[in-house]
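# sequence isn't available, so here's the structure alone:
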C-alpha cells in the first residue's frame, strides 16, 4: 500500500503539499467507505509558477485555479485509487474547515481563521482525496503554533479593525478595501494573514495573494 510519505512526494511533484490527513469516523461527512482522507494545498514556494504556466491559466476561460485543481487533484486521486473532493463546486459543500481541524495540523487561530502548523494563516485547500484504505499517518503537532506565539500580531494587525478576536466583519473589510489605504491589502494580501510569523516564512508570493483578493473584492 502507498505510504503517507510516498503520497506527499507525488503531490509535491504537482506543486501540491499534503497538508494533513485523518482516519474518518462517524459524523465526519466523508464518502462511505473512506479509510483515510488526505488534504491538499499549494506547495510553497513554487505553486504560483506552476499554476500560471498551466493550460487552465493560459486559455482565458474563467476559474483557472479551480479548473487546475480539479484536473490535478482528480489525477492524483485516480492514481491512488481514491475519490477527489473539492472546496468548490457545491452545493452541497464539503466541510473542509472541519476536516482541517480533524487533521490535527490546522487550528482555530486567535482571529478565528484557520492556522496551519507550516502554512500559518496562508493555509488554503485545493482539494482532498478519500482513500478506501487506512494508511499510517504522520504524528500531528501536540498544540497549535499560536500557543507558543507570545505577541500574537494577528490580533492587532488589521488596519480596519475588521478581523480580530471577535471574528471577521466582512462588510468592514470590503469598505476598507474601497479606500486608498486598502491598496496594500489588495496588492499584497490580507495584512492579518501576513502578520502571522509562520505565514511570513511560508513562501507565498504577493501576486498569488493579490489574485485571491481580486476575486474576494470584485
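Structure's in. What do you need? Being a predicted model, the structure only gives us computed values, none of them experimental.
# all the strands of the protein, residue numbers only.
In the chain, the strands defined using DSSP state E lie at 16-22, 36-42, 83-85, 106-108, 114-116, 127-131, 163-164, 167-168.
# okay, now the sheet partners of the last one, with direction.
Paired strands of strand 167-168, with direction, are strand 163-164 (antiparallel) (DSSP bridges).
# what's the strand it pairs with in contact with?
111, 113, 154, 155, 156, 157, 158, 169, 173, 190, 192 (CB atoms under 8 Å, 6 or more residues apart in numbering). Every residue, glycine included, has its C-beta placed from N, CA and C.
# which of those residues fall in helices?
Residues of the contacts of strand 163-164 located in helices (DSSP state H): 173, 192.
# which of the contacts of strand 163-164 are buried?
The neighbour count (16 or more other CB atoms under 10 Å) marks 111, 113, 154, 157, 158, 169, 173, 190, 192 as buried among the contacts of strand 163-164.
# could you dump those into CSV with pLDDT and distance to residue 66 added?
Formatted as CSV, those follow (pLDDT from 0 to 100; distance: CB to CB, whole Å):
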residue, pLDDT, distance to residue 66
111, 96, 26
113, 96, 21
154, 97, 27
157, 97, 29
158, 97, 27
169, 96, 27
173, 97, 23
190, 97, 20
192, 97, 24
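# looking at those residues, which is nearest residue 122?
Of all these, residue 122 sits closest to residue 190, with 9.1 Å by CB to CB.
# for the chain, give me the ranges with low pLDDT.
Within the chain, the segments meeting pLDDT under 70 span 1.
# which helix in it has the most residues?
helix 64-80.
# tell me the angle it makes with strand 127-131.
Relative orientation of helix 64-80 versus strand 127-131 (axes from the mean of the first three to the mean of the last three CA atoms, to 10 degrees): 20 degrees.
# how about the residue nearest to the spatial centre of the chain, phi and psi?
Nearest residue to the geometric centre of the chain (CA atoms, centre = their mean): residue 124, 1.1 Å. Backbone torsions for residue 124, taken as degrees, to the nearest 10, come to phi -150, psi 150.
# count the neighbours of residue 207 for me.
For residue 207, the neighbour count with other CB atoms under 10 Å is 13.
# ok, it - contacts?
Residue 207 makes contact with residue 48, according to CB under 8 Å, 6+ apart.
# now it: how far from residue 213?
11 Å (CB to CB, to the nearest Å).
# between the buried ones among the contacts of strand 163-164, which sits nearest residue 79?
residue 113 (32.1 Å).
# which residues touch the closest one?
121, 163, 168, 192, 193 are the contacts of residue 113 under CB under 8 Å, 6+ apart.
# number of residues surrounding residue 115?
26.
# ok, now residue 145?
Neighbours around residue 145, by other CB under 10 Å: 17.
# cool, and the one 3 residues further on?
Using other CB under 10 Å as the criterion, residue 148 is surrounded by 8 other residues.
# one more: residue 9?
Residues near residue 9, counting by other CB under 10 Å, number 12.
# same thing with residue 71?
Neighbourhood size, residue 71 [other CB under 10 Å]: 15.
# now it. Nearest residue, chain neighbours left out?
Take residue 71 and drop its neighbours on the chain: the residue closest to it by CB to CB, 6 or more residues apart in numbering is residue 56, 7.0 Å away.
# next up, the contacts around that neighbour.
64, 65, 67, 68, 71.
# ok, residue 8 touching residue 18?
Yes. Judged on CB atoms under 8 Å, residue 8 makes contact with residue 18 at a distance of 4.2 Å.
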